[in-house]
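Undergrad: Sequence and predicted structure, then a few things I'm wondering about:
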Amino acid sequence: MKKISIFLLGVVVVVLPIIGALQQSRAAVAPSVLAYLESVNPQTDWTVIARRALGGSVSNASFLKELDGSSANDYATYILAITALGEDPRSFGNENLVYGLGQLSSSGQIGESAYLNDDIFSLLALKAAGVSNSDSLVTQEVNYIKSKQTLDGGWSWDATASEAMVDYTAMGIMSLLSAGVDKTDSSISDAVEYLTNAQNNDGGFGMSDGDLSNTASTAWGLSAINALGESVSFYAPAGISPVDYLEARLQESGYFLFDANASSPDLFTPVSSSYAGIALAGKFYPVTSISSPATVSLRIEGADDTVCVLDTAQGRTALDVIKSSSAECGYTYAIQDTQYGPYLTTIASEAASGMDGWSYLPNYEMAQVGAGDYVLSNGDDVLWYYGAWDALPLRVVHSESSVSVGDTTVATIEQYNNGSWQALSGATLKRGSESFVTNAQGQVTLSWEQDGAYYLYAEADASVRSEKILVISGNGGSSQSIEMSVIIGSSGSKNPGTGGEEPGESSVIFGVSGDLSFGTLVPGQSATKQATITNNGSVAMSTTAQVEGSQLFVANTRLDNVSPVQWQKVISSDSSSVVNVTLSVPASYSGFGQEQGTLIFWANAMQ
């Protein structure tokens, strides 16, 4: 069992690189198959995948921009289709599908606990999207799929099944191979043996061992053979192979009949014909795998406040990172297509107006191309802001992160201009409700006269608000605490909150209460609990927050859907306020053992 505890203290479009070479076609696929798939109306995720596998172009795939459904299988097949187009499912449409799929992870598996097929497809989708084999969500799915292998060597759609099915045994083989499991691994070799034994003398496969052969099951079986890199001649009882079986079902119009007894197409024909086209082209799943996008630091500054601070944002371009981070940071956005390319008009309900709008500064430099054309690299700093296009970024330089009451320190405000940071006179430094103006050297002298926690940030005309930095004065004020706990990757007992401690002497008097036991979480899952802050004093208080300790908590705790550095609340005297505390365990989280963190609420009396 892996347990993590926290204590809460209070008061105080680019072309994507394709990785993994695809096999050449084993047989020439009749041109009528592609023509048939192109004629299907409406198009589906499967017809798109098949058309790309057959070398066709796809111009009518805009439906993939809006997810049709909410299950893990819905996410997974859309990801497989979008990557088949050579696009990134993190930013192709209106939702980051890779992030959304990860959010469906629970108790060591993805999707419905009763199903195994959604785990198989989810693993294929993660690999199609370029997620690393070492990613914890990938390793979780590999281990889970292996653990559900039946005694006869294969897998079923049902996570509790005792007997395998051909379809999901074939897909299970391909999912494990895509995640780097060697074909000599017993999980693969046992599954191959099951497929071999289940093949019928007509060269095809039925849904289960002994069932009548059909096009869909045979196509997935053939794709598994393709993925294994084996000769189809090894799978030809009575001299008839899966290729022969499928070609016998092919009709002049380009579709495939479902089985030897079928005489006409049905509603499933476009899907089963997609499977068959993919298999006959020598392809397997995922048909295309893209490379992983860059990981960057993203900050979004709105007109009046910070919208998002995310150190692990992902995107191929400066525009993609806005799309892919919206769910995690909790903002909405709008992009308008113009004759000059895509234009970001709105973030968090702040729309471009007059001469003010949304602009971006990569690594604080003035951008020379549109956001959709600026290709990001790992480690880039991406700053989006609302204002004039030529605004310059600010930063606060303050060497001390903690001071003693009675200390005097100097803060310098600098502006990035012409490739360097330069001291800026006449800028405004904010400390809580106080404002200071910098001198000719860009400096402000600060006196620290009382305990408290203060965020320092800078503002100036024709400039972009600086990042906020936290300074602790004295002991930061009195504190209250309740315990937070979470178990990673296994079930177990929950550790409820302990409630608030008695406050010490302070100019504000308050309490904190709530049960912040998150129960069991696995990588890719999140949970939200509530804490209540009660101001028992006679003056209003301004509260801010900070997270310390384990990086898991520092990077992944949200208060009321914003990062702690963005969170701030004013609580009137003799009143209470509820705070939603969310812990999201990243899908890539791979730590083990006990970790601890502290979520600190700082409170200052309103002046």
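TA: Everything's here; your move.

Undergrad: use CA for all of it now, contacts and neighbours both
TA: OK.

Undergrad: So, low pLDDT: which residues of the stretch 1-150 of the chain?
TA: Along the stretch 1-150 of the chain, segments meeting pLDDT under 70 span 1-27.

Undergrad: can you give me the helices for it?
TA: 31-39, 45-53, 72-84, 97-102, 117-128, 136-147 (DSSP state H, counting those that start in this stretch).

Undergrad: And for the stretch 251-400 of the chain?
TA: Taking DSSP H, counting those that start in this stretch as the criterion, the stretch 251-400 of the chain carries its helices at 269-280, 320-329.

Undergrad: Make TSV out of the helices of the stretch 1-150 of the chain and add mean neighbour count and distance to A227.
TA: Listed next are those as TSV, based on neighbours: other Cα atoms under 10 Å; distance: least, Cα to Cα, whole Å:
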stretch	mean neighbour count	distance to A227
helix 31-39	18	22
helix 45-53	25	14
helix 72-84	25	16
helix 97-102	23	24
helix 117-128	28	13
helix 136-147	20	17
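
Undergrad: Kindly reformat the ones you listed as CSV containing distance to T338.
TA: Converted to CSV, the helices of the stretch 1-150 of the chain look like this (distance: least, Cα to Cα, whole Å):
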stretch, distance to T338
helix 31-39, 29
helix 45-53, 27
helix 72-84, 23
helix 97-102, 25
helix 117-128, 31
helix 136-147, 38
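
Undergrad: Quick one: closest of those to Y340.
TA: Nearest to Y340, of all the helices of the stretch 1-150 of the chain, is helix 72-84, at 24.5 Å by Cα to Cα.

Undergrad: Keeping just the C-alphas, turn that closest one into PDB.
TA: Extracted C-alpha coordinates of helix 72-84, given in PDB (Å, rounded to 0.1, in the frame of the first residue of the first chain):
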ATOM      1  CA  ALA A  72     -12.900   5.700 -22.300                       C
ATOM      2  CA  ASN A  73     -13.500   3.900 -25.600                       C
ATOM      3  CA  ASP A  74     -14.900   7.100 -27.100                       C
ATOM      4  CA  TYR A  75     -11.800   9.000 -26.100                       C
ATOM      5  CA  ALA A  76      -9.500   6.200 -27.300                       C
ATOM      6  CA  THR A  77     -10.900   5.600 -30.800                       C
ATOM      7  CA  TYR A  78     -11.000   9.400 -31.400                       C
ATOM      8  CA  ILE A  79      -7.400   9.600 -30.400                       C
ATOM      9  CA  LEU A  80      -6.500   6.700 -32.800                       C
ATOM     10  CA  ALA A  81      -8.300   8.500 -35.600                       C
ATOM     11  CA  ILE A  82      -6.800  11.900 -35.000                       C
ATOM     12  CA  THR A  83      -3.300  10.500 -34.800                       C
ATOM     13  CA  ALA A  84      -4.000   8.500 -38.000                       C
END
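
Undergrad: relative to helix 117-128, how tilted is that helix?
TA: Counting by axes from the mean of the first three to the mean of the last three Cα atoms, to 10 degrees, helix 72-84 lies at 30 degrees to helix 117-128.

Undergrad: Distance from the chain centre to helix 72-84, please.
TA: 14 Å (Cα atoms, centre = their mean, to the nearest Å).

Undergrad: How about stretch 192-209?
TA: Worked out by Cα atoms, centre = their mean, stretch 192-209 lies 38 Å from the chain centre.

Undergrad: Contacts for that stretch, please.
TA: 152-154, 164-167, 169-170, 173, 210-215, 217-218, 221, 235-246 (Cα atoms under 8 Å, 6 or more residues apart in numbering).

Undergrad: if we go to 6 Å?
TA: Residues outside stretch 192-209 that contact it (Cα atoms under 6 Å, 6 or more residues apart in numbering) are 153, 165-166, 212-214, 217-218, 236-238, 240-242, 245.

Undergrad: Endpoints of that stretch, how far apart?
TA: End-to-end distance for stretch 192-209, by Cα to Cα, to the nearest Å: 13 Å.

Undergrad: buried stuff in that stretch?
TA: Within stretch 192-209, the residues that count as buried by 16 or more other Cα atoms under 10 Å are 192, 194-196, 198-209.

Undergrad: Report the two of those residues separated the most.
TA: Pairwise distances across the buried residues of stretch 192-209 peak at 18.4 Å for V192 and D202 (criterion: Cα to Cα).

Undergrad: end-to-end on stretch 338-351?
TA: Span of stretch 338-351 from end to end, Cα to Cα: 16 Å.

Undergrad: wait, I meant stretch 284-297
TA: 36 Å.

Undergrad: Quick one: low-confidence residue ranges for the stretch 301-450 of the chain.
TA: Using pLDDT under 70, the stretch 301-450 of the chain has no residue that qualifies.

Undergrad: so what's the spatially most central residue of the chain closest to, chain neighbours aside?
TA: Against the mean C-alpha coordinate of the chain, by Cα atoms, centre = their mean, the closest residue is Y99 at 2.4 Å. Distances taken as Cα to Cα, 6 or more residues apart in numbering place R90 nearest to Y99, at 7.3 Å, with adjacent residues excluded.

Undergrad: What number of residues are in the vicinity of that neighbour?
TA: R90 has 25 neighbouring residues, counting by other Cα atoms under 10 Å.

Undergrad: Next up, the contacts around it.
TA: 96-98, 324.

Undergrad: out of the helices of the stretch 1-150 of the chain, nearest to I300?
TA: Judging those by Cα to Cα, what sits closest to I300 is helix 97-102, at 19.5 Å.

Undergrad: Check what contacts that closest one and list those residues.
TA: Applying Cα under 6 Å, 6+ apart, the contact partners of helix 97-102 are 75, 89-90, 524, 587.

Undergrad: just stretch 252-260 next, same as before
TA: 32-33, 36, 214-215, 249-250, 273.

Undergrad: one more time with 7 Å, if that's ok
TA: 32-33, 35-36, 213-215, 249-250, 263-265, 269, 273 (Cα atoms under 7 Å, 6 or more residues apart in numbering).

Undergrad: Separate out the buried members of those.
TA: Among the contacts of stretch 252-260, those classed as buried by neighbour count (16+ other Cα under 10 Å) are 33, 36, 213-215, 249-250, 269, 273.

Undergrad: which two from those residues end up farthest apart in space?
TA: Y36 and S213, at 22.9 Å, using Cα to Cα across the buried ones among the contacts of stretch 252-260.

Undergrad: closest to V307 out of the helices of the stretch 1-150 of the chain?
TA: helix 97-102 (19.3 Å).

Undergrad: Could you check how far the closest one is from the centre of its chain?
TA: 5 Å.

Undergrad: just to revisit the earlier point, which one of the buried ones among the contacts of stretch 252-260 is nearest to L124?
TA: S273 (20.4 Å).

Undergrad: Report the separation between that closest one and A371.
TA: From S273 to A371 the distance is 40 Å (Cα to Cα).

Undergrad: Out of the buried ones among the contacts of stretch 252-260, which is nearest to D337?
TA: Y36 (31.9 Å).

Undergrad: In space, what's closest to the closest one - neighbours in sequence excluded?
TA: G254 is the one closest to Y36 (Cα to Cα, 6+ apart), at 5.2 Å.

Undergrad: Give me the neighbour count for the one you found.
TA: 19.

Undergrad: now the one 4 residues further on
TA: Here the neighbour count serves as a burial measure; for F258 (other Cα under 10 Å) it reads 23.

Undergrad: Quickly note the distance from it to I188.
TA: 28 Å.

Undergrad: Report the outermost residue of this structure with respect to its centre.
TA: By Cα atoms, centre = their mean, the chain has its most distant residue from the centre at A238, 48.7 Å.

Undergrad: Can you name the residues that contact the closest residue to T160 other than its chain neighbours?
TA: Spatial nearest neighbour of T160, excluding adjacent residues (Cα to Cα, 6+ apart): A114 at 7.0 Å. A114 sits next to 158-160 when contact means Cα under 7 Å, 6+ apart.
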